[in-house]
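Enquirer: Build me a structure from this.
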Amino acid sequence: MTWERTLMTLVAASLVVTGARAMDRTEYNTARQRMAADTQVRQDKCRALTANARDVCRMEARGFERIARADLEARYRPSEQAHFKARVARADAAHAVAREKCNDLAGLARKVCQKDAKGVHVRAVEDAKVAQVQARPGDTPAAKSAAVAEALKHAAAERRKADFDAARERCSALAADLQAKCLDDAKRVYSQ
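Expert: Okay, the predicted model is just below:
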């Protein structure tokens, strides 16, 4: 009975270890070919669309490809930097698609949409930076905590700046007397 449990434990442990290991070259090449085929299928689906819908579809397909490539690299050569690049690739792809969707709008609505998309992108990139600092082994727990706190502080400042830029763009649509009040409120809320 003990021998069977030991064998089952070893089998389970080997499955866990092999799932976490890096890919070998043949797996990597197979995954790249599969990714290229998936991307081509996504691009082909876009041909039936017209105008900005086609552009959005193509941007989504390119984003899918970039995300898949970054994830593949992170699995093939696992490192903190590779995982960070994969997170940033997700943020970049989402930002590109959001900006392309803004092209359906005109005038101020378009500018506000682009500022909102930029705000979402800044948040995602800053979250990736914080996750990278959290994953990095520190010399001591205090040093790691200090690094994480500094990264969170920087991320909060960048988010506030992006949110303020979007709020300022929204305020520009108002009449002059309301615009000044709106800007003052935005400065107060976003600590600018």
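
Enquirer: looking only at pLDDT, what's the mean for the longest helix along the chain?
Expert: Ranked by residue count and defined by DSSP state H, the top helix of the chain is helix 141-171. Mean pLDDT, helix 141-171: 84.

Enquirer: can you pull the buried residues of that helix?
Expert: Using 16 or more other CB atoms under 10 Å as the test for burial, helix 141-171 gives 147-148, 151, 155, 158-159, 162-171. In this view, the C-beta of every residue, glycine as well, is placed from N, C-alpha and C.

Enquirer: other SSEs contacting it?
Expert: When contacts are defined as 3 or more CB pairs under 8 Å, 6 or more residues apart in numbering; DSSP states H and E, helix 141-171 packs onto helix 107-135, helix 176-189.

Enquirer: quick one, which of those is nearest to residue 94?
Expert: Across the helices and strands packed on helix 141-171, residue 94 has its closest neighbour in helix 107-135 (6.7 Å, CB to CB).

Enquirer: for that closest one, the distance to its chain's centre please.
Expert: Chain-centre distance of helix 107-135: 9 Å, with CA atoms, centre = their mean, to the nearest Å.

Enquirer: what's the answer for stretch 157-166, then?
Expert: Offset of stretch 157-166 from its chain centre (CA atoms, centre = their mean): 17 Å.

Enquirer: Identify, among the helices and strands of the chain, the element with the weakest mean pLDDT.
Expert: Lowest by mean pLDDT, DSSP states H and E among the helices and strands of the chain is helix 2-20, with a mean of 45.

Enquirer: Tell me the helix or strand right after that one.
Expert: Using DSSP states H and E, the next helix or strand after helix 2-20 towards the C-terminus is helix 25-46.

Enquirer: Check which residues of stretch 101-119 are buried.
Expert: Buried-residue list, stretch 101-119, by 16+ other CB under 10 Å: 101-102, 111-119.

Enquirer: And for stretch 52-69?
Expert: Here stretch 52-69 shows 55-69 as buried, counting by 16+ other CB under 10 Å.

Enquirer: How about the contacts made by the closest residue to residue 166 other than its chain neighbours?
Expert: Spatially, and ignoring its direct neighbours in sequence, residue 166 is nearest to residue 115 (3.9 Å; CB to CB, 6 or more residues apart in numbering). By CB atoms under 8 Å, 6 or more residues apart in numbering, residue 115 lies in contact with 162, 165-166, 169.

Enquirer: how about JSON lines for those, with distance to residue 182 added?
Expert: Below are the contacts of residue 115 laid out as JSON lines (distance: CB to CB, whole Å):
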{"residue": "162", "distance to residue 182": "17"}
{"residue": "165", "distance to residue 182": "14"}
{"residue": "166", "distance to residue 182": "12"}
{"residue": "169", "distance to residue 182": "11"}
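
Enquirer: and the two most separated of these?
Expert: Across these, the longest distance by CB to CB is 11.1 Å; it joins 162 and 169.
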